[in-house]
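Enquirer: Structure here, sequence nowhere to be found:
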């Protein structure tokens with residue numbers, strides 16, 4: 001019985017040894033194939049990089065991609081020649097040398113340009129498209145500036161700029177420059193008010209010389225004819241102007257003798273009428289009195 005057990009143990013040891021000996025050897029051929037594939041892929045990648053580099057060099061040197069046309073879209077205040085000069089793009093320059101984003105930002109440095117986009121049209125053309133600022137008023141901040149349709153102050157006026165815009169007063173330069181939230185909101189309010197006035201027929205924007213912002217934030221208009229002050233307050237401008245227009249045909253001939261028009265009383269138009277001055281001999285030391293009338 002003991003011999004049988006020994007034989008079984010011996011057989012089990014032999015089986016284990018056989019299993020160890022039967023492990024698969026390293027497949028050298030597979031390893032060589034992998035190394036070869038990696039080498040071929042690396043070499044191919046290097047060839048692609050080198051080929052791409054030489055292809056770029058050929059494109060950069062090719063006359064087929066030298067710019068001979070520069071088109072400009074959207075310029076009104078600035079001429080095509082001015083916008084091309086701002087871009088620094090030269091005819092004969094290779095199109096692949098252009099940094100389109102940098103050129104657009106360079107053009108936008110001009111105060112008249114709100115946004116600029118530069119595009120390649122292969123093989124030999126470049127298109128510059130701009131959105132220009134549109135002034136709606138002149139704002140007095142110590143110097144005169146244009147106020148744009150987007151309620152942003154964008155350009156100090158020079159001798160070549162037009163002056164036929166309403167004047168905005170009552171703002172502080174530092175607060176405008178620092179983009180004070182209340183100042184920004186009031187400027188947007190003024191731009192919206194001018195848009196409302198521009199669409200009216202009886203009392204319209206072309207009859208306004210100035211829009212003044214009072215320290216309290218309320219707004220006043222001054223008429224072009226007679227310089228009459230129209231008190232608007234801080235809100236509900238459209239309703240107040242509707243009320244004024246209902247009687248404006250009666251008031252218009254009398255503008256030269258009016259002191260102010262107040263629209264801040266509900267359902268009324270308050271008009272202050274200056275009395276005609278007396279003779280100079282009777283009025284050397286006195287100021288003419290004034291009447292205040294309410295027109296419903």
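Expert: Happy to help now that I have it. Note that the coordinates shown come from a computational prediction; the quantities given were computed from them, not determined experimentally. Numbering: from 1, shown residues only.
Enquirer: Count the residues that sit near residue 213.
Expert: 21 (other Cβ atoms under 10 Å). All C-beta atoms are positioned from the backbone trio N, CA, C, and that covers glycine.
Enquirer: With the one 3 residues further on instead?
Expert: Taking other Cβ under 10 Å as the neighbour definition, residue 216 ends up with a count of 8.
Enquirer: Residue 166 too?
Expert: Other residues close to residue 166 by other Cβ under 10 Å number 23.
Enquirer: where does the chain dip in pLDDT?
Expert: Residue ranges of the chain with pLDDT under 70: 1-28, 43, 47, 50-62, 275-296.
Enquirer: Give me the most central residue, the protein.
Expert: For the chain, residue 114 is the residue whose C-alpha lies nearest the centre (Cα atoms, centre = their mean; 5.5 Å).
Enquirer: Three-state assignment for it, please.
Expert: Three-state call for residue 114 (DSSP: H, G, I helix; E, B strand; the rest coil): strand.
Enquirer: For residue 148, see how far away it is.
Expert: Going from residue 114 to residue 148 by Cβ to Cβ, to the nearest Å gives 8 Å.
Enquirer: which residues do those two both contact?
Expert: 133, 154 (Cβ atoms under 8 Å, 6 or more residues apart in numbering).
Enquirer: going on from the helix or strand where residue 232 lies, what's the next piece of helix or strand?
Expert: Using DSSP states H and E, residue 232 sits within strand 229-233. As assigned by DSSP H and E, the chain's next helix or strand after strand 229-233 is helix 237-251.
Enquirer: Show me what secondary structure element comes after that following helix.
Expert: Counting by DSSP H and E, the next helix or strand C-terminal to helix 237-251 is strand 258-262.
Enquirer: Do a quick rundown of the strands in the stretch 101-250 of the chain.
Expert: Assigned by DSSP state E, counting those that start in this stretch, the strands in the stretch 101-250 of the chain fall at 113-121, 125-132, 135-140, 144-148, 153-156, 167-169, 208-213, 219-223, 229-233.
Enquirer: Residue 185 is nearest to which of those?
Expert: strand 208-213 (11.2 Å; Cβ to Cβ).
Enquirer: Show me what that closest one pairs with in its sheet, parallel or antiparallel.
Expert: Sheet pairing of strand 208-213 (DSSP bridges) gives strand 167-169 (parallel), strand 219-223 (antiparallel).
Enquirer: got those strands as CSV, with distance to residue 134 and mean neighbour count columns?
Expert: As requested, the strands paired with strand 208-213 are exported to CSV (distance: least, Cβ to Cβ, whole Å; neighbours: other Cβ atoms under 10 Å):
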stretch, distance to residue 134, mean neighbour count
strand 167-169, 15, 19
strand 219-223, 22, 21
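Enquirer: What's the local residue count around residue 191?
Expert: 19.
Enquirer: so how far is residue 135 from the closest residue to it other than its chain neighbours?
Expert: Spatial nearest neighbour of residue 191, chain neighbours left out: residue 151 (4.6 Å); criterion: Cβ to Cβ, 6 or more residues apart in numbering. Distance, residue 151 to residue 135, using Cβ to Cβ: 12 Å.
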